[in-house]
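Peer 1: need a 3D model of the following:
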Amino acid sequence: MSLDAMRDLRPLSIGELLDRAFSISFKNILPFSAIVFVFIVPEMIINYFAMNGPLAAIMDQAAKIGSTASTTPPNPLPLLTAEANAAPYFSVVLLYALLVVPLANAAVVSGISRAYLRMPVRFTDCYRDAFRRWGWLVLLGLLWLAAVAAAMLVVMVPFFIVSMSLSAMAVAFGVFGAILAIVVAIAVFFAVLALILLIYLAAAFSFVAAVLEKLPPGFAFRSGFQRVFGEGQFWRSLGIAAALFGIIFGFEIVGSVIGLLVGAVHNLALITIVNGVIQAFLYPFLFAVVAVCYYDVRIRREGFDLQMLAAQLGGPAASAPPP
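Peer 2: Next up is the predicted model:
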């Protein structure tokens, strides 16, 4: 490894991580867009047919309510019929998310990694890496679904207890109790949000590890938690998770504004296309942040060598990560 690379093996601030991720995404926007559009375009088509019937029924009911002064309640039958007709499409969406999205995510991870290591980012190379891990990634996704479902069941009881306690506090202590209940509720909300963000980061780390380290699902699942909650990484991981939330929230705001403008023409096809384009830009940047953070944790905390990282992807040793 060159002296320049050794000098670059230092802890990065969150700002530096985001800057490096943006640089990688921007410089390789064409290959990343090609990788992402392979799965976004079919997803857009499926979503269009899934939403077309229910959305048309909702808009039809809204138009009837707006054009009449009658107090007759809207007829729910058209909407129920449209939802029933769209049910097969929603089933296909779920299967697509389970079977195809992990493959595309793995290809994006491979591309980000190659760009980080200053290796060529080629469409065929990225999807070849992804296909090699496809089965394990689907199993890892199922493992995370099971874990999230179990966590939700476990959290429901304490959530119910806290909700009842806050209600009793508000009733027992009047205005003071209501204010205190609101403060506690806000604190609980942010604590739960922080936990959700950290689990999301752990899941993202586990998928990156499954692709780059070729770990089986169980080991990848465990590694995600270790690198987020262990080894003195908790607060740093929380900051990175908050940054990811800010990125997603920012893209959602932009998407909502564009959606409102496009929605004025009542064209579902155009709305679907716009949402797909936004996803095409959001996906690579999010994975770039996660991948750069993953490398930062492994190199700085585990002493992992960039030459080994490059060797795992079958390319020459890298001299240094891009500035």
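
Peer 1: so where's the stretch 201-323 of the chain uncertain?
Peer 2: 231, 255, 258-266, 268, 300-323 (pLDDT under 70).

Peer 1: redo that, cut-off 50
Peer 2: Along the stretch 201-323 of the chain, segments meeting pLDDT under 50 span 316-323.

Peer 1: which stretches of it form helices?
Peer 2: Assigned by DSSP state H, counting those that start in this stretch, the helices in the stretch 201-323 of the chain fall at 217-229, 234-263, 268-302, 306-312.

Peer 1: any chance of the ones you listed in a markdown table, plus distance to residue 48?
Peer 2: In this view, the C-beta of every residue, glycine as well, is placed from N, C-alpha and C. Output for the helices of the stretch 201-323 of the chain, formatted as a markdown table (distance: least, CB to CB, whole Å):
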| stretch | distance to residue 48 |
| --- | --- |
| helix 217-229 | 33 |
| helix 234-263 | 14 |
| helix 268-302 | 5 |
| helix 306-312 | 39 |
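
Peer 1: nearest approach to residue 45 belongs to which of the ones you listed?
Peer 2: helix 268-302 (8.3 Å; CB to CB).

Peer 1: buried set for the closest one?
Peer 2: Judged by neighbour count using 16 or more other CB atoms under 10 Å, the buried positions of helix 268-302 are 268, 271-272, 274-299.

Peer 1: of the helices of the stretch 201-323 of the chain, which is nearest residue 46?
Peer 2: Of all the helices of the stretch 201-323 of the chain, helix 268-302 comes closest under CB to CB, at 9.9 Å.

Peer 1: that closest one vs helix 234-263, what angle?
Peer 2: 170 degrees (axes from the mean of the first three to the mean of the last three CA atoms, to 10 degrees).

Peer 1: residue 136 versus the residue nearest to residue 44 when sequence neighbours are not counted, what's the distance?
Peer 2: Using CB to CB, 6 or more residues apart in numbering and skipping the chain neighbours, the partner closest in space to residue 44 is residue 276 (4.4 Å). Look at residue 276 and residue 136: by CB to CB, to the nearest Å, they are 28 Å apart.

Peer 1: might you calculate how far stretch 153-172 sits from the centre of the chain?
Peer 2: Its chain's C-alpha centre and that of stretch 153-172 lie 30 Å apart, by CA atoms, centre = their mean, to the nearest Å.
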